[in-house]
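Visitor: need a 3D model of the following:
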Amino acid sequence: MVRSRAVAGGGRAVEVPPERVTGWFDRFAHRHGGIADSTATPDLVSVTATDGATATVTVPFGPLVPPDDPRLAVAVLALHVLRPRRIGLFLVRLGGHSVGIAYDGKIEHSRTDRRPLQGRTAAGGWSQGRFARRREGQARAALQAAATDAFEVLVPQLSTLDGVVLGGDTRALDALRADLRLIDVFARAESRILDTAEPRRTVLDDAAQRARSVEIVVVDDPHRRDG
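Guide: Next up, the predicted model:
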């Protein structure tokens with residue numbers, strides 16, 4: 001399944017497995033009348049079609065070694081993303097988290113925990129305040145558990161990892177950035193954050209595959225579709 005989402009400022013981001021990157025750009029060229037220009041830097045690959053459509057990739061697990069001939073930008077990108085990598089995964093939502101280490105899309109080691117938060121109450125006054133305090137306490141405990149598992153699973157292995165991929169709720173992840181134990185984990189994190197369901201082992205397995213994928217931002221005629 002090809003995942004696609006709208007991006008700010010127009011266009012869409014398409015998640016493409018590394019094995020399909022070359023074919024995706026071939027189809028992009030075919031649908032847009034050919035390629036007018038390609039550029040590559042250590043951090044970015046951009047392709048402009050004859051009709052003005054663009055396809056841009058922020059290089060994952062960079063830097064990329066740019067080719068001398070910019071026409072080879074996609075070929076070099078494809079080789080870069082196909083390389084097997086050992087990746088740390090950290091998926092967090094309030095009430096659940098999953099942490100793992102994957103090599104070439106397969107989980108080697110993981111830890112998952114679920115701590116459901118108390119649901120909402122219709123009561124008001126003192127009961128409502130007690131509910132809010134209890135829920136806040138549960139949320140803090142869940143985030144603390146997530147931080148501890150990430151520290152124990154990922155930190156000892158950071159020197160062996162090509163990078164870390166985050167996923168889940170950005171608010172929960174932002175709260176965890178304040179935990180001093182995880183400074184090095186977040187420093188190694190890719191800019192892309194995976195949109196995932198409630199963390200569990202099957203979701204982590206899926207994230208291990210998605211972490212290998214390339215996110216291509218396409219800006220073109222809104223009546224066209226690519227992927």
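Visitor: from now on I want contacts and neighbour counts done on CA atoms only, so please keep to that.
Guide: Fine.
Visitor: show me the domain layout of the protein.
Guide: 3-83+213-219, 86-210 (automatic domain parsing).
Visitor: would you turn those domains into TSV with mean neighbour count and mean pLDDT?
Guide: Formatted as TSV, the domains of the chain follow (neighbours: other Cα atoms under 10 Å; pLDDT from 0 to 100):
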stretch	mean neighbour count	mean pLDDT
domain 3-83+213-219	18	96
domain 86-210	18	89
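Visitor: what segments of the protein are helices?
Guide: Remark: helices assigned in the chain by DSSP state H are 21-31, 73-82, 125-153, 170-176, 183-187, 201-210.
Visitor: redo these as TSV? Include distance to residue 163.
Guide: Shown next, in TSV, are these (distance: least, Cα to Cα, whole Å):
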stretch	distance to residue 163
helix 21-31	20
helix 73-82	13
helix 125-153	14
helix 170-176	16
helix 183-187	9
helix 201-210	12
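Visitor: to residue 104, which of the ones you listed lies closest?
Guide: Taking Cα to Cα, helix 201-210 is the member of the helices of the chain nearest to residue 104, at 7.9 Å.
Visitor: what's the closest one packed up against?
Guide: Secondary-structure packing of helix 201-210 (3 or more Cα pairs under 8 Å, 6 or more residues apart in numbering; DSSP states H and E): strand 86-93, strand 96-103, strand 106-114.
Visitor: hmm, try it at 7 Å
Guide: Using 3 or more Cα pairs under 7 Å, 6 or more residues apart in numbering; DSSP states H and E, the elements in contact with helix 201-210 are strand 106-114.
Visitor: lovely, talk soon.
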